[in-house]
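A.B. asks: Fold the following and give me the result.
(one chain, ligands or ions: 1)
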Amino acid sequence: MPFQTPLAADVTLRELSKDDAAAIADAYLRNREHLAPWDPARPEEFYTEEWHKERLWAQVVENSTGRALYTVLESDGAIVGRLNLTDVVHGAFENGHLGYWLDGQFTGRGLMTRAIEALANHARDEVGLHRLQAATLPHNEASQAVLTRAGFERIGFAPAYLKIAGKWQDHVMFQRILHD
Ligand SMILES: CC(C)(COP(=O)(O)OP(=O)(O)OC[C@H]1O[C@@H](n2cnc3c(N)ncnc32)[C@H](O)[C@@H]1OP(=O)(O)O)[C@@H](O)C(=O)NCCC(=O)NCCS
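C.D. replies: A predicted model of the protein is given here:
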């Protein structure tokens, strides 16, 4: 059964589908300015359906193999956010990385906190993971508030960790251990 859960009366968290390319391109276009400080620099082609079609295929395949769980937040047929569990490793690590963003019209309602909680429960109970990791820019207070509320703790500081908005930028590292 594909992963799916309601987050609010008007918003559902569900597994990515290969048919989401047009809606995802549209969401990135609507949120271009909102996401610019927190995302990698994007080429113009990024805002087209064609760009996402190919990549979505690869992500849907990764979902089917258990290497990742790419999900979207959907409202009334539109994509209003993404939440991705990637780089899933089993064995002695049982770990995955989280990445996420929300449409500027949907922030401040606790949606991403609920989405992360739902995905973390699924990662523990269905995927068998032991730990989730996430990284935020030091000044991304909204993202840090979400992680803290979703049970993550700050574990460190990684200099020049990711190339965001065209610059290698320091990040604060968070983890949540899923089993007591
Ligand atoms: C980070 C993000 C996903 C948060 O989603 P959200 O659904 O609005 O989060 P929630 O409503 O669950 O919680 C937001 C919290 O941050 C706080 N917050 C929001 N904007 C803030 C700001 N500019 N400064 C400080 N705190 C802020 C809110 O008050 C809330 O905390 P509170 O309920 O304790 O007051 C969303 O803002 C977003 O997509 N931002 C742009 C992309 C991004 O930063 N992605 C994450 C990269 S690590």
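A.B. asks: which bits of this structure sit near the ligand?
C.D. replies: Listed as neighbours of the ligand in the chain under the rule C-beta under 6 Å from any ligand atom: 35, 38, 100-102, 107-113, 136, 140-143, 145-146. (Glycine included, C-beta is placed from N, CA and C.)
A.B. asks: Now, the residues you listed that are in strands?
C.D. replies: With strands identified by DSSP state E, the entries of the residues of the chain next to the ligand that belong to them are 100-102, 136.
A.B. asks: for the residues you listed, which one is nearest G77?
C.D. replies: Sorting those by how near they are to G77, with C-beta to C-beta, puts L102 at the top with 17.0 Å.
A.B. asks: about what we covered before: which of the ones in strands among the residues of the chain next to the ligand tops the neighbour count?
C.D. replies: L102 (25 neighbours; other C-beta atoms under 10 Å).
A.B. asks: That one contacts G108, doesn't it?
C.D. replies: No: under the criterion of C-beta atoms under 8 Å, L102 makes no contact with G108, lying 9.3 Å away.
A.B. asks: now the residues of the chain next to the ligand: which count as buried?
C.D. replies: Buried members of those, counted by 16 or more other C-beta atoms under 10 Å: 35, 100-102, 107, 111-113, 136, 140, 143, 146.
A.B. asks: would JSON lines of those residues with pLDDT be doable?
C.D. replies: Shown next, in JSON lines, are those (pLDDT from 0 to 100):
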{"residue": "L35", "pLDDT": "98"}
{"residue": "Y100", "pLDDT": "98"}
{"residue": "W101", "pLDDT": "98"}
{"residue": "L102", "pLDDT": "98"}
{"residue": "T107", "pLDDT": "98"}
{"residue": "L111", "pLDDT": "98"}
{"residue": "M112", "pLDDT": "98"}
{"residue": "T113", "pLDDT": "98"}
{"residue": "T136", "pLDDT": "98"}
{"residue": "N140", "pLDDT": "98"}
{"residue": "S143", "pLDDT": "98"}
{"residue": "V146", "pLDDT": "98"}
